[in-house]
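**Student:** I would like the atomic coordinates for the input below:
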Amino acid sequence: MADVRLIPCLSDNYAVLVHKGDETVLVDAPEAGPINAALAETGWTLTTVLITHHHADHVQALADVRGSARVIGPANEAGKINGLDETVKDGATFSLGPIAVQAIETPGHTAGPISYYMPGEGIAFTADTLFAMGCGRLFEGTPATMWASLQRLRAALPDETAIYCGHEYTETNARYAHQALPGDVAIAERLKTVQEARAGGEPTVPSTMAVEKATNPFLRADDPTVAEALGMAGADPVEVFTKLRAGRDVF
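**Tutor:** Modelled structure (predicted):
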């Protein structure tokens, strides 16, 4: 299995290094200092950078960390990302040395982001689409678009998959989830776990798909118990998702 390093960047961003054999992959480039420090500490030489989407806090350090590495990013956002060597579209499968990768386009937060799944390593990088206990704001997509993307991830990623998202937003997401679904025992228990981790300075990333299915309200917009708790029994899941997202926007 690959060696995976979570790298806190900026105020609440995460970059990730994945190392296996002679391959070292960086997922997103928020801040050069912490990334270069991690490379120096491990002695790894960066070979590939995977970019998830065009927002500055995911790409702004690219020029300062890439060295001779090739940079791969989403084809549908290529015009907004400087420094890409290659692009990938939805459904693409490719190999980075011994690491197999699948590209899943997950629009909603932006128009064409790519989530990267490494099935042989049991890990996925969902950036600002699927957060621990949350999902991204809808800057360039509609609620229906984001709900469809979350459904794709829910279907594509096995329960045991480790989910690496792009930010440490979990405590706020957990508090919102508990407010929205106060009777949900699993959410209440996870809120306590998350608060303890953060109080101790520990990251809440990665999560797993099984945990997200159980405690992330945004993945459960088609769960009748969620709709009922929101006073929306029988509503279309897109409507339920829309209400959840609107509530989180102002939380």
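
**Student:** what is the burial count for F139?
**Tutor:** 12 (other Cβ atoms under 10 Å). Just so you know, the C-beta spots here come from the backbone N, C-alpha and C atoms, and that holds for glycine as well.

**Student:** got the phi/psi numbers for it?
**Tutor:** Geometry field for F139 lists phi and psi as phi -80, psi -40, criterion degrees, to the nearest 10.

**Student:** now it: how far from D249?
**Tutor:** With the distance defined as Cβ to Cβ, to the nearest Å, F139 ends up 11 Å from D249.

**Student:** and for these two, which residues touch both?
**Tutor:** Here F139 and D249 share no contacting residue, scored by Cβ atoms under 8 Å, 6 or more residues apart in numbering.

**Student:** now the helices for the stretch 1-150 of the chain?
**Tutor:** Counting by DSSP state H, counting those that start in this stretch, the stretch 1-150 of the chain has these helices, from start to end: 32-42, 56-59, 62-65, 143-156.

**Student:** any chance of the ones you listed in CSV, with mean pLDDT too?
**Tutor:** Listed next are the helices of the stretch 1-150 of the chain as CSV, based on pLDDT from 0 to 100:
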stretch, mean pLDDT
helix 32-42, 98
helix 56-59, 98
helix 62-65, 98
helix 143-156, 98
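
**Student:** so which of the ones you listed comes closest to I81?
**Tutor:** Within these, the stretch nearest I81 is helix 56-59; the backing value is 5.7 Å (Cβ to Cβ).

**Student:** got the contact list for the closest one?
**Tutor:** Residues external to helix 56-59 that are found in contact with it (Cβ under 8 Å, 6+ apart): 10, 13, 28-30, 51-52, 81-83, 127-128, 166.
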